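1. Quick one, fold the following:
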Amino acid sequence: MPQKHAYLSFSGAKLDLHCPGNRREQKKQPRSSSDASAKGTGMHALAEACLKRGHNTTQYIGWWCGDSDKGGDFLLKAKPSGADSGLRAFKIEADGAQNVQLYVDHVRKCVADLPGAELLIEEPVQLSENSWGTPDAQIRQPFGVLRVPDYKNGFTYVEESSPQVKLYLLASMGLDNPYGFTKLIGDIVQPNAGAGESIRSIMYPPEELVAWYKSVYAPAARACMEPNAPCIPGPWCKDGWCNARRSCGALAAYNNDTAQGMFTAVEPAAVSLPDAKDMPPEMRAKVLERFGLIKSWYTEIYDHEYSLAMRGNNTWGKLVKGRGSRGWADESVATAQLNTLLHGEIYDKKLKTPAKAEAALKAQGMKAKNAKAAVADLVETKPGSPTLVSLDAPGTSVAVVDGMFGAIA
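-> This next block holds a predicted model:
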């Protein structure tokens, strides 16, 4: 990692997935930092000190923290003097210390819950020559769980499924998973979040993130490295905090077109997709090459709208009752009953599902209606998760109930 800051830093991955030219344009801008980001950097220095020294944050109330114009952070007992040019210092107050303590306690609990786990604090991880980052913490249990808790001091809500979290997990694991991790968990600890839980977690099987990297992120990263990579404006220009947005000609044109469209009633044109057999091979190839990116983008949009709907904030669609799933109310009772009904012939010596049990009974000559009745008392139907559909789709909206979603233990 020869540079202080990676060209493809993990914190900017959200922009990289949408605008290949953003890195080139941002590199032209002078390094800048707001008071909010400087304070966030200082709060990270406080968290690092507590985790490495075994302290609680109350011990540092009245101390000073912040960042420098060179990108470093600091934690000092006395306020920096005027001679310390380039330092932006913030006094640690009780509320800030309490926020960081929430993160410190969460990390400590996660370590305690994973026997034999190693805790790494502010250790850089790398995916390629141009792509690396520094997770706040890595909790590594070889041949078990890898957990990466990330502290966010800001007020802008950060999704636990963000590309940054995915890349932290991937780089901490290693694409070939040399330590044999079986489960990857990413945490966002954000006490100042305006909505949702202060601690939000997401779990991935390792192979799922590796597939996402190969089909979605890696092609986008390669596109960002092209000298003439285009700037593609959109909502991500603001959400991704692009440092070049004030000087970007593509964004200015996009904003102008958006403003013009606000005052013009335009009937949307019908989209007609060509039949696959009528498409030339090179066109089919382009669709296939871009399918992963399009699918990931759709999934990201759907997941975001779904999370808003679960909090009662969605305006596009509605939540309707999901499809339920049948299972055995009591497996031991069901096993005994099926053993009698099927004359001791349990499929693969394992408990059959209700559907397979009914099929086996029908194969023995029982009528479908009787087969279903024979296992009815043994079955319970579990409600499915709500499904997000458009407002005009059939189905009655379901009420959002507190506690429908929560952190992963």
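
2. Can you show me the helices along the stretch 51-200 of the chain?
-> Using DSSP state H, counting those that start in this stretch, the helices of the stretch 51-200 of the chain run over residues 94-112, 163-173.

3. In a markdown table: these, plus mean neighbour count, distance to A49 and mean pLDDT.
-> (C-beta placed from N, C-alpha, C; glycine too.) Formatted as a markdown table, these follow (neighbours: other CB atoms under 10 Å; distance: least, CB to CB, whole Å; pLDDT from 0 to 100):
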| stretch | mean neighbour count | distance to A49 | mean pLDDT |
| --- | --- | --- | --- |
| helix 94-112 | 18 | 10 | 97 |
| helix 163-173 | 24 | 21 | 97 |
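
4. I'd like these as a markdown table, with distance to S215 appended.
-> Output for the helices of the stretch 51-200 of the chain, formatted as a markdown table (distance: least, CB to CB, whole Å):
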| stretch | distance to S215 |
| --- | --- |
| helix 94-112 | 30 |
| helix 163-173 | 13 |
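
5. Ok, which of those comes nearest S332?
-> S332 sits nearest to helix 94-112 of all those, at 34.5 Å, using CB to CB.

6. Quick one: list the elements packing against that closest one.
-> Contact here means 3 or more CB pairs under 8 Å, 6 or more residues apart in numbering; DSSP states H and E; on that basis helix 94-112 packs against helix 35-53, strand 137-140, strand 145-151, strand 183-189.

7. residues in contact with it?
-> By CB atoms under 8 Å, 6 or more residues apart in numbering, the residues outside helix 94-112 that reach it are 39, 43, 46-47, 50-51, 56-58, 60-61, 117, 119, 136-137, 139, 147, 149, 151, 153, 187, 189, 191-192, 198-199.

8. let's see it at 7 Å
-> By CB atoms under 7 Å, 6 or more residues apart in numbering, the surrounding residues in contact with helix 94-112 are 43, 46-47, 50-51, 56-58, 60-61, 117, 119, 137, 139, 147, 149, 151, 187, 189, 191-192, 198-199.

9. quick check, distance from the one helix or strand E305 maps to to the centre of its chain.
-> With elements taken from DSSP states H and E, the one containing E305 is helix 281-310. Averaged C-alpha coordinates place helix 281-310 at 15 Å from its chain's average position (CA atoms, centre = their mean, to the nearest Å).

10. Output the contacting helices and strands for that helix.
-> strand 317-328, strand 379-390 (3 or more CB pairs under 7 Å, 6 or more residues apart in numbering; DSSP states H and E).

11. circling back: out of the contacts of helix 94-112, which end up buried?
-> 43, 46-47, 50-51, 57, 60, 117, 119, 137, 139, 147, 149, 151, 187, 189, 191, 198-199 (16 or more other CB atoms under 10 Å).

12. which sections of the stretch 1-150 of the chain are below the confidence cut-off?
-> Applying pLDDT under 70 to the stretch 1-150 of the chain flags residues 1-5, 32-33, 71, 82-85.

13. Go again with 90.
-> By pLDDT under 90, the low-scoring segments of the stretch 1-150 of the chain are 1-7, 11-12, 27-38, 67-74, 79-89, 129.

14. got a markdown table for the helices and strands packed on helix 94-112, with distance to L341 too?
-> Listed next are these as a markdown table, based on distance: least, CB to CB, whole Å:
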| stretch | distance to L341 |
| --- | --- |
| helix 35-53 | 58 |
| strand 137-140 | 48 |
| strand 145-151 | 41 |
| strand 183-189 | 38 |
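
15. domains of this protein?
-> Taking automatic domain parsing as the domain assignment, the record places the domains of the chain at 1-24+94-261, 33-92, 317-390.
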